[in-house]
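S.K.: sequence unavailable; structure follows:
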């Protein structure tokens, strides 16, 4: 991540600047509310803290990894992407940072994101399924394909970068020849529903998933070993490329999950950059919040208020005492 490190240094300089900004200095900004739970939750946490604590005028706009990055890079909007999974857009993001269009404000997931192929833990233990090859040798353990004679290998939601990655990994594994069908989950809800259905029926399930998520907090899942090392060159030039002609099985790298902002915004919004530069949380914290949201059918906004009410020890470290007091008054 050589190109990103200078950006973090730039953000660090901004964080080190005096934090005693007048509320009117904050102004208006747009934040991408990405269409997966942890990112949507982060967007609402940012919105509430910036509005209630700093007097900002925050508008949330619908987002997704590749479209949001492309819009920020080419059009300079939205201003902030709270949870950008860097592996999906590493090469163009490196270029955007180096050329001064994007600034990395912080690493929002302090322990990084987790991606891979998973199976239920009970199935892993009962049938000795520890590696992806173990799973591929047993298509009969994974029902759910349209063709009942095949095993189901669930892809990630349509339009997400991991859809391309999973499709290439599936082809690298010769999934079709081994008796599997790559199942399009359609949406995050569809993918979650397939896991919940498998557990309710005590059936096997195989496919892509990631953390932090409510599902991995609710259901006991085991991440399979791929048996290969991560090959960065292969990853950048094939694994993440749609319909790469000769994909090779490739271990996911540690998923850096950053908050990215446009260069113009970073230069003109010191108060917001000061906050974003300090704002980070762990997978454990987010998993717990997402599990609560799932159990209570809560919205991203509900989850944000719940977090602010129940975890002041986390978020109060991101802001000054006077800003924390304003947010607590809003609660």
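M.R.: Structure's in. What do you need? Since we're looking at a predicted model, the values are computed, not measured.
S.K.: centroid-nearest residue for the protein?
M.R.: residue 85 (5.2 Å; C-alpha atoms, centre = their mean).
S.K.: can you give me the strands for the stretch 101-250 of the chain?
M.R.: 102-107, 114-120, 151-154, 180-183, 207-211, 221-223 (DSSP state E, counting those that start in this stretch).
S.K.: and these: which comes nearest residue 257?
M.R.: Closest approach to residue 257 among the strands of the stretch 101-250 of the chain is made by strand 102-107 (6.8 Å; C-beta to C-beta). C-betas here are computed from N, CA, C, even on glycine.
S.K.: show me how the chain divides into domains.
M.R.: 4-112+255-330, 114-239 (automatic domain parsing).
S.K.: among those, which comes closest to residue 247?
M.R.: Per C-beta to C-beta, nearest to residue 247 of the domains of the chain: domain 114-239, 3.9 Å.
S.K.: what's the span of that closest one, first residue to last?
M.R.: For domain 114-239, the separation between the terminal residues is 17 Å (C-alpha to C-alpha, to the nearest Å).
S.K.: gap between it and the chain center?
M.R.: Relative to the mean C-alpha coordinate of its chain, domain 114-239 is positioned 17 Å out (C-alpha atoms, centre = their mean, to the nearest Å).
S.K.: average model confidence for it?
M.R.: Domain 114-239 shows a mean pLDDT of 95.
S.K.: again with stretch 287-297
M.R.: 91.
S.K.: quick one, helices of the stretch 1-150 of the chain?
M.R.: 4-15, 37-48, 54, 65-75, 90-98, 121-127, 132-136 (DSSP state H, counting those that start in this stretch).
S.K.: ok, the residue nearest to the centre of the chain - contacts?
M.R.: By C-beta atoms under 8 Å, 6 or more residues apart in numbering, the contact set of residue 85 is 65, 113, 161, 255, 256, 257.
S.K.: again, only this time at 6 Å
M.R.: By C-beta atoms under 6 Å, 6 or more residues apart in numbering, the residues touching residue 85 are 65, 255, 257.
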